[in-house]
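Trainee: Output the structure for:
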Amino acid sequence: MTRPLKQKALFQSPQACPAGQGPLTEGSLGDAAVVVSNLSKNFAVNESAGARLKRVLSGGPLPANSVSALDGVCFSVARGETLGIVGENGSGKSTLLKILAGIQRPDKGGVTVRGKMATLLELGVGFDPEFTGRENVYLADALMGFSAKDVEARIESIAAFADIGPFLDQPVRTYSAGMRVRLAFATAIHAEPEVLVIDEVLAVGDAAFQRKCFSRIRQMQQQGVTIIFVSHDMNNTVQIAKRVLMLDEGRIMAIGEPKSVVSFYERFSFAPPAEKIALRQKARSGGPEQPACQPYDNGAEPVARTPLVYSSQGAVIENPRITDESGNPVRTLAIGRTYHYSYNVVFTRAASNVRMGMMMVAPSGLSLSGQVSHPPGRGFEAALGQRVEQSFCFECRLAPGVYFANAGVTASEGTEEIYLHRIVDALTFKVEAKPEPLFTGLVDLSCKQGKNSP
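Mentor: Below you'll find the model as predicted:
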């Protein structure tokens, strides 16, 4: 769960990164809190415990059928930066975090961490199930170098944050998954780490606890804590991360501004097999085909962002547009007025259970509000060559600024629902400023019949 790392280098190796990154030295780290250099890790397939022990003791090579979890991974994280890590299952995310935490050793490459590090990976890792929660807190903090007096000074604060009541003095084996993650997170953050590494565990807690965790993460960001986290929630990723790294088959496929990398990752995840192969080859030969994220200014005219167009798997979306109540195309919207977001769809094959959808998105990539044409499982049948116009009516309740609209068409394929076509950032529009607005945030949820204070 937690471990102190104040060493100059962990598993350091003189291996050079493909991009020319040399051996890790204190002088070459600059302002980096974490540097990963040419990291590789392989696992044997179907190897018995006895064979593995013999191989490790003899220093022998891995079997020929071993698989690569990480292959030449290189990146650095600046002090105070928050790095999000995304990737499909089996891409190497958890292996990378376990090596950062010192739980596993790499086969090649090095990791340098400067500062005390706390990790929150798998549920209950580091907890003895027979010990009470309180005893486990004392044990975890003792392993981090804290005295019993130090723990005594913070145990009530840990208990209050975890909020598991009398279960704090019950054996951990009696805890639910949510209770374990509450106590684990509370213990980790109260260790006052300089580097925090988090795997996809916060999704286990209830909504109120998740909110409390994210609030504390924001506070730690303001305090200059370096954070590395894995998440499958793309909304959380674009809100929290300053940069995002995408792993694929143990290699870095993209790293950069959150919205660009997350959009590319979503396109890759939904791509048909042939397109995935092409995108993977392109990324390894010269960088991913990412959308060009243009600067935006919430006081300026809309700046179109290059749409991210998915490959067609049976339909093509055309002419996304916003019109006013008279049918006139508009790109600048007024708060409180009604508009229609429309697009046409041409079907290049017959499809079942077809549904259309839209989503309004903030410049950061945060999904704000969306609509669908039909409930799940109750879509319509589309014929080859059929042309459909889809329109979504909405009242503009967004704060002044620049926004983007997505468009998507799904259908059933066997037991799954797939995208026949999708365009991210299909349309850019602006909401004009309203004189003396009475709401804050991105969306106006105020009631028009509400009473004002005197």
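
Trainee: Show me the helices in the protein, by range?
Mentor: 49-58, 93-101, 133-143, 148-162, 177-189, 207-222, 234-240, 258-270, 273-286 (DSSP state H).

Trainee: for this protein, what are the low-confidence residue spans?
Mentor: 1-30, 47-48, 55-56, 59-60, 63-64, 122-126, 201-205, 286-305, 436, 448-454 (pLDDT under 70).

Trainee: how's the protein carved up into domains?
Mentor: Split into domains by automatic domain parsing, the chain comes to 26-243, 308-431.

Trainee: Tell me which strands the longest strand along the chain pairs with, and in which orientation.
Mentor: Secondary structure of the chain per DSSP state E: the longest strand is strand 416-431. When pairing is defined by DSSP bridges, strand 416-431 lines up against strand 308-309 (antiparallel), strand 332-333 (parallel), strand 401-413 (antiparallel).

Trainee: So for L279, which of the domains of the chain sits nearest?
Mentor: Taking Cβ to Cβ, domain 308-431 is the member of those nearest to L279, at 9.7 Å. C-betas here are computed from N, CA, C, even on glycine.

Trainee: Span of the closest one from start to end?
Mentor: 22 Å (Cα to Cα, to the nearest Å).

Trainee: mind checking how far it is from the chain centre?
Mentor: Counting by Cα atoms, centre = their mean, to the nearest Å, domain 308-431 is centred 24 Å from the centre of its parent chain.

Trainee: ok, now stretch 62-79?
Mentor: 20 Å.

Trainee: One more: stretch 243-254?
Mentor: 12 Å.

Trainee: same thing with stretch 438-448?
Mentor: On Cα atoms, centre = their mean, the centre of stretch 438-448 falls 28 Å from that of its chain.

Trainee: Show me the contact partners of that stretch.
Mentor: Contact with stretch 438-448 is made by I335, A362, L366, L368, S369, R397, L398, A399, G401, P437, as judged by Cβ atoms under 8 Å, 6 or more residues apart in numbering.

Trainee: and those residues, which two are the farthest apart?
Mentor: Taking Cβ to Cβ, no two of those sit farther apart than L366 and P437, at 19.7 Å.

Trainee: Which one's more surrounded, those two?
Mentor: Each of L366 and P437 has its neighbours counted (other Cβ atoms under 10 Å); L366 has more, 15 against 12.

Trainee: ok, the more buried one to V330 distance?
Mentor: L366 sits 23 Å away from V330, going by Cβ to Cβ, to the nearest Å.

Trainee: Among the contacts of stretch 438-448, which one has the most neighbours?
Mentor: L398 (21 neighbours).

Trainee: contacting residues for the closest residue to that residue other than its chain neighbours?
Mentor: Nearest in space to L398, with sequence neighbours left out and distances taken as Cβ to Cβ, 6 or more residues apart in numbering, is V431 at 4.7 Å. Residues near V431 by Cβ under 8 Å, 6+ apart: T332, L333, A334, I335, C396, L398, A399, P400, G401, Y403.

Trainee: Switch these over to TSV; also include distance to K108.
Mentor: As requested, those are exported to TSV (distance: Cβ to Cβ, whole Å):
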residue	distance to K108
T332	55
L333	54
A334	59
I335	57
C396	55
L398	50
A399	50
P400	52
G401	47
Y403	45
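
Trainee: and of those residues, the nearest to E318?
Mentor: Y403 (21.2 Å).

Trainee: My read is that that closest one contacts V361, right?
Mentor: Yes: counting by Cβ atoms under 8 Å, V361 is a contact partner of Y403 at 6.6 Å.

Trainee: okay, and the common contacts of these two?
Mentor: The contact lists of Y403 and V361 share L368, where a contact means Cβ under 8 Å, 6+ apart.

Trainee: What is the neighbour count of C393?
Mentor: When neighbours are defined as other Cβ under 10 Å, C393 has 11 of them.

Trainee: Distance-wise, check the nearest residue to it once chain neighbours are set aside relative to P273.
Mentor: Sequence neighbours aside, H340 is the residue nearest to C393 in space, at 5.4 Å (criterion: Cβ to Cβ, 6+ apart). Counting by Cβ to Cβ, the gap from H340 to P273 is 37 Å.

Trainee: try A382
Mentor: Taking Cβ to Cβ, one finds A382 at 23 Å from P273.

Trainee: who's more crowded, those two?
Mentor: More neighbours surround A382 than the other of A382 and P273, with 23 against 7 (other Cβ under 10 Å).

Trainee: beta partners of the more buried one?
Mentor: A351.

Trainee: Now for it: which residues touch it?
Mentor: Neighbours of A382 in contact, by Cβ under 8 Å, 6+ apart: A315, F347, A350, A351, S352, V354, V388, A411.

Trainee: let's go with 6 Å and repeat that
Mentor: F347, A351, V354 (Cβ atoms under 6 Å, 6 or more residues apart in numbering).

Trainee: any idea how far D71 is from it?
Mentor: 42 Å.

Trainee: Give the closest residue to I227 in space, chain neighbours not counted.
Mentor: I227 sits nearest to T82 (Cβ to Cβ, 6+ apart), 4.4 Å away.

Trainee: ah, wrong one, I meant T332
Mentor: Closest to T332 by Cβ to Cβ, 6+ apart is K430, at 4.9 Å.

Trainee: So what's the residue count around the one you found?
Mentor: 21.

Trainee: What of F146?
Mentor: F146 - counted by other Cβ under 10 Å - has 19 other residues nearby.

Trainee: again, but for D31
Mentor: That count, for D31 with other Cβ under 10 Å as the rule, works out to 10.

Trainee: circling back: buried subset of the contacts of A382 as a ChimeraX selection?
Mentor: Buried residues within these, by 16 or more other Cβ atoms under 10 Å, are selected in ChimeraX with:
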select :347,351,354
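
Trainee: could the contacts of A382 be laid out in a markdown table, adding distance to G178?
Mentor: As requested, the contacts of A382 are arranged in a markdown table below (distance: Cβ to Cβ, whole Å):
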| residue | distance to G178 |
| --- | --- |
| F347 | 45 |
| A351 | 40 |
| V354 | 38 |
